[in-house]
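K.L.:
the following comprises the amino acid sequence and a computationally predicted model.
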Amino acid sequence: MDADEARVLQAQLKAVQRRLRRQLSDVDGLSGSQARVLGALARVAQPVMPSILAIDLEMATSNLATVLGELEAMGYVRRTRNAADKRRVDVELTASGRELVDEHIEQRTQWLRTAIEATCNPAEQRTLRQAGALLARVAAWGDHTARRA
C-alpha cells in the first residue's frame, strides 16, 4: 500500500470512529471525556489506580481527577483505598456504571449492525468481516504479536 492509499484508509477509519463516537456522546448527557473514562474502566474490569488509567487514556492526571469526581457524583464510579497499600486509591465502576457502559455498547453495536445491513449487500458484509480481521492484525502489530516475516 502506498502513502496515498494509507492516508485514504486512515480517513475512512476516522470517519467510522467519529460516527461511533457521536453515537456514544448522545447517551445520558455524558461528556466525551466521561464516556472515555467509563469505557476504559470497563475494559480493565477491576479496580485500577487513576495514574494507570490516565496513561491508558493519555489524559493529564488532574483532568482525570476532575472527570472521576464528576462520575463519582453521578454514581457511576467509586474510589476506594487499596487494601494492601492504604496510601493508594483505586477506582472502579459501580453497578450502575457497568449497566450504563453495557447499554452504550449495545446501542453502538446495534447502530453499526443496522448501518452495515442498510448499506452493504451480503458479499460486502463478508468483505467487511474479513477486513475487520485484517485491521485487528494491523492494530496488534505494535504489540509485537502480529509481525510476519
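P.N.:
In hand now; what should we look at? Numbering: from 1, shown residues only.

K.L.:
pLDDT weak spots in this structure?
P.N.:
By pLDDT under 70, the low-scoring segments of the chain are 24-28, 143-149.

K.L.:
centroid residue for this structure?
P.N.:
Centroid-nearest residue in the chain, with CA atoms, centre = their mean: G39, separated by 5.0 Å.

K.L.:
element containing that residue, please.
P.N.:
Assigned by DSSP states H and E, G39 belongs to helix 32-44.

K.L.:
list of residues touching that helix?
P.N.:
With contacts defined as CB atoms under 8 Å, 6 or more residues apart in numbering, helix 32-44 is touched by 21, 24-25, 27, 30, 48, 53, 56-57, 59, 63-64, 67-68, 70-71, 76-77, 91-93, 97-98, 100-101, 104. (Each C-beta comes from the backbone N, C-alpha and C, glycine too.)

K.L.:
now swap in stretch 114-131 and tell me
P.N.:
Residues outside stretch 114-131 that contact it (CB under 8 Å, 6+ apart): none are found.
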